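1. coordinates for the following, if possible.
(one chain, ligands or ions: 1)
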Amino acid sequence: MDHSFLIKPMLDDIYPVIDYGKGIYLFDMDGKRYLDGASGAVTANIGHGVTEIIEAMNEQAKKVSFVYRSQFTSEAAESLAEKIANMLPGDLNWCFFVNSGSEATETAMKMAIQYWQEKGVQTKTKVLSRWVSYHGITLGALSMSGHPGRRARFVSLLEDFPVINPPYCYRCPYNLKEANCGYLCAHELETAIKRIGAEQIAAFIAEPVIGAAGGAIVPPKDYYKVIKKICEENDILFIADEVMTGCGRTGTMLACEQWGISPDIVALGKGMGAGYAPIAAAIATEKVIEPILAGTKVVMSGHTLSANPQACATALAVLEYVEQNNIIQEVEGKGAYLRTQLEKLKSLFKFIGDVRGKGLLLGIEFVQDAVSKTPFPRNALITQRIVALAKDKGLLVYPAGAGIDGINGDSIIISPPLTISKKEMEELVHLLKETFNDFSNQLNEGKG
Ligand code: PMP
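-> The predicted model follows:
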């Protein structure tokens with residue numbers, strides 16, 4: 001059972017072997033139960049073992065599991081594309097299906113470059129992005145990711161696409177308060193464009209709520225309006241990486257909707273297949289696809305398993321389930337309740353510096369001192385220790401942080417399946433409180 005080469009366990013954590021999942025719980029072979037407070041990696045949006053999805057997977061398997069994308073399309077892929085176009089705002093109508101979030105952001109990047117080429121502009125090949133961001137692990141996606149920890153070993157193979165600060169109000173780089181900050185962090189994009197030259201830049205990419213690298217960092221109110229305006233004034237496409245935030249996680253199908261902005265290209269993943277199938281997508285507006293259809297006619301990308309009928313039928317069943325059960329409509333209320341409970345924990349534990357997030361994508365940042373906001377030293381591995389303590393108690397939480405010394409503190413993401421009930425949220429908070437009690441004891445024993 002130990003032959004699969006997984007991530008090297010930290011802190012000697014041995015990976016338990018999972019037997020089965022039901023609802024928001026996972027059960028290992030020893031019968032231990034885990035409350036999935038992270039939806040795995042913000043993925044299992046509708047929980048585990050949902051009968052309707054299993055039935056749809058079986059039905060598709062009986063018909064056909066694979067056709068090659070440049071020979072055939074399938075009913076499953078066509079229906080999924082139509083469902084996504086209907087669920088997304090505006091005219092984000094053209095879906096390119098891939099197998100992971102990294103492929104989705106990288107495809108989005110290629111679509112943007114191809115868009116300009118088809119319009120006769122060959123020089124626009126760079127994509128600008130922010131520090132404290134994560135867009136995926138493949139080299140193109142990693143080039144866009146402002147995540148020093150994950151870039152470190154491969155810097156020589158990467159482009160320097162991250163150029164501006166994140167909208168990280170808790171640790172504002174300008175030491176300003178939101179109400180009168182003038183959105184200086186957004187205006188950094190203007191400066192970067194002037195320095196690099198708009199004629200070099202195809203697109204700007206951002207996660208509406210910064211996830212893995214930052215721990216659910218939410219921008220101030222008009223931040224994206226400023227960013228979108230700068231992009232438009234400079235002929236730069238805006239790519240929303242909604243791999244983590246999309247498909248209802250923050251309370252709307254796209255998180256972008258909450259700031260009233262419409263992206264030119266969107267990347268979806270994670271919640272789209274909700275863990276039942278490896279599937280993701282880059283979705284373009286009519287404006288972006290029009291010159292491509294008029295020119296080369298195809299998006300110059302693709303994988304053997306792109307638009308795999310089995311994966312498409314599964315994702316279609318997931319999105320239908322989300323729609324039919326009004327799951328997205330309940331996220332705001334559930335998120336507000338859970339956040340209030342997390343705020344209460346903040347008042348109990350002085351190592352909690354910040355509680356933040358949107359909908360059911362919530363973050364907790366840990367600090368040595370709540371007043372000075374001093375982060376713990378990196379080598380104390382605080383995030384990993386808290387994640388391990390929670391796992392011991394039977395609670396899964398997601399580790400976050402870009403590993404930027406002195407800038408980006410330790411944090412975790414709390415993101416249970418969107419289907420979680422109030423009683424289950426109470427249990428989550430109870431387990432989290434016990435975890436923090438244990439961590440507090442460790443600190444008191446001098447293991448800081
Ligand atoms: N973009 C974002 C915003 C993500 O959170 C992730 C995964 N954490 C990715 C891209 C990459 O997705 P994947 O791991 O499926 O390649």
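2. Ser421 versus whichever residue of the chain sits closest to the ligand, what's the distance?
-> As assessed by C-beta to the nearest ligand atom, the ligand sits closest to Gly101 within the chain, at 2.2 Å. Heads up, the C-betas are built off the backbone N, CA and C, glycines and all. Applying C-beta to C-beta, to the nearest Å, the value for Gly101 to Ser421 is 28 Å.
3. quick one, which of these two is more surrounded?
-> Taking other C-beta atoms under 10 Å, Gly101 and Ser421 do not tie; Gly101 has more neighbours (29 against 12).
4. distance check, the more buried one against Ile164.
-> Applying C-beta to C-beta, one obtains 22 Å for the distance of Gly101 from Ile164.
5. now do Ile84
-> Distance of Ile84 to Ile164, computed by C-beta to C-beta: 30 Å.
6. what count of nearby residues applies to Asn175?
-> Residues lying near Asn175 (other C-beta under 10 Å) number 7.
7. check Glu424 too.
-> If you count neighbours by other C-beta under 10 Å, Glu424 ends up with 19.
8. contacts for the host helix or strand of it?
-> Per DSSP states H and E, Glu424 falls inside helix 422-444. In this structure, residues lying in contact with helix 422-444 by C-beta atoms under 8 Å, 6 or more residues apart in numbering are 24, 35, 37, 334, 337-338, 341-342, 345, 348-349, 351-352, 385-386, 389-390, 393-395, 397, 414, 416, 420, 448.
9. just to check, Glu225 is in contact with Ser262?
-> Careful, residue 225 is Lys; it's not Glu. No. If you go by C-beta atoms under 8 Å, Lys225 and Ser262 don't touch, sitting 11.4 Å apart.
10. my guess is the residue of the chain closest to the ligand contacts Ala267. True?
-> Yes. With contact defined as C-beta under 8 Å, Gly101 counts as touching Ala267 (6.7 Å).
11. mind listing the shared neighbours of those two?
-> Here Gly101 and Ala267 have 241, 243, 280 as joint contacts, going by C-beta under 8 Å, 6+ apart.
12. for Met109, give me phi and psi.
-> Main-chain torsions, Met109, degrees, to the nearest 10: phi -60, psi -40.
13. now do the buried residues in the least confident helix or strand in the chain by mean pLDDT.
-> Using mean pLDDT, DSSP states H and E, the weakest-scoring helix or strand in the chain turns out to be helix 148-151, at a mean of 92. Across helix 148-151, burial judged by 16 or more other C-beta atoms under 10 Å covers 148, 150-151.
14. give me the buried positions along the helix holding Glu424.
-> Residues of helix 422-444 classed as buried: 424-425, 427-429, 431-436, 438-439, 443 (neighbour count, 16+ other C-beta under 10 Å).
15. may I have the phi/psi pair for Asn308?
-> For Asn308, the backbone dihedrals (degrees, to the nearest 10) come out as phi -60, psi 120.
16. what's the neighbour count on Ile193?
-> When counting by other C-beta under 10 Å, one arrives at 22 neighbours for Ile193.
17. now swap in Lys344 and tell me
-> Neighbour count for Lys344, taken as other C-beta under 10 Å: 12.
18. which helix or which strand is home to it?
-> Going by DSSP H and E, Lys344 is in helix 331-348.
19. what angle do that helix and helix 422-444 make?
-> Relative orientation of helix 331-348 and helix 422-444, computed by axes from the mean of the first three to the mean of the last three C-alpha atoms, to 10 degrees: 30 degrees.
20. for helix 331-348, output the C-alpha coordinates as CSV.
-> C-alpha atoms of helix 331-348 as CSV (Å, rounded to 0.1, in the frame of the first residue of the first chain):
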residue,chain,number,x,y,z
VAL,A,331,-23.3,29.7,0.6
GLU,A,332,-23.4,33.4,1.8
GLY,A,333,-25.5,32.5,4.9
LYS,A,334,-23.4,29.5,5.8
GLY,A,335,-20.2,31.4,5.2
ALA,A,336,-21.4,34.3,7.4
TYR,A,337,-22.3,31.8,10.3
LEU,A,338,-19.0,30.0,10.0
ARG,A,339,-17.0,33.2,9.9
THR,A,340,-18.7,34.5,13.1
GLN,A,341,-17.7,31.3,14.8
LEU,A,342,-14.1,31.7,13.6
GLU,A,343,-14.1,35.4,14.8
LYS,A,344,-15.1,34.0,18.3
LEU,A,345,-12.0,31.7,18.2
LYS,A,346,-9.9,34.8,17.3
SER,A,347,-11.0,36.4,20.6
LEU,A,348,-9.9,33.3,22.5
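21. okay, domains of this protein per the record?
-> Domains of the chain are assigned by automatic domain parsing as 10-49+328-444, 52-324.
22. quick one, which of the ones you listed is packed in tightest?
-> Stretch with highest mean neighbour count among the domains of the chain: domain 52-324 (a mean of 20; mean count of other C-beta atoms under 10 Å).
23. what about that domain, start to end distance?
-> Its start and end residues considered, domain 52-324 measures 11 Å (C-alpha to C-alpha, to the nearest Å).
24. check the offset of it from the chain's centre.
-> Centroid separation for domain 52-324 versus its chain: 10 Å, with C-alpha atoms, centre = their mean, to the nearest Å.
25. now swap in stretch 375-388 and tell me
-> Offset of stretch 375-388 from its chain centre (C-alpha atoms, centre = their mean): 22 Å.
26. got the CA positions of that stretch in CSV?
-> Provided in CSV are the C-alpha atoms of stretch 375-388 (Å, rounded to 0.1, in the frame of the first residue of the first chain):
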residue,chain,number,x,y,z
PRO,A,375,4.7,36.3,11.8
PHE,A,376,6.2,33.2,13.3
PRO,A,377,9.6,32.2,12.0
ARG,A,378,9.3,30.1,8.8
ASN,A,379,11.3,27.3,10.3
ALA,A,380,8.8,26.8,13.1
LEU,A,381,6.5,25.2,10.5
ILE,A,382,3.4,26.6,12.3
THR,A,383,1.0,26.0,9.5
GLN,A,384,2.1,22.4,9.1
ARG,A,385,1.9,21.8,12.8
ILE,A,386,-1.6,23.1,13.1
VAL,A,387,-2.7,21.1,10.0
ALA,A,388,-1.2,17.9,11.6
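27. and for the least confident helix or strand of the chain, what's in contact with it?
-> Under C-beta under 8 Å, 6+ apart, the answer for helix 148-151 is 134, 137, 142, 145, 158, 401-404.
28. now do Leu189 against Ile236, distance only.
-> Plainly put, Leu189 is 9 Å away from Ile236 if you go by C-beta to C-beta.
29. now Ile412
-> For Ile412, the distance to Ile236 - C-beta to C-beta - is 34 Å.
30. what of Gly31?
-> Per C-beta to C-beta, Gly31 is found 54 Å from Ile236.
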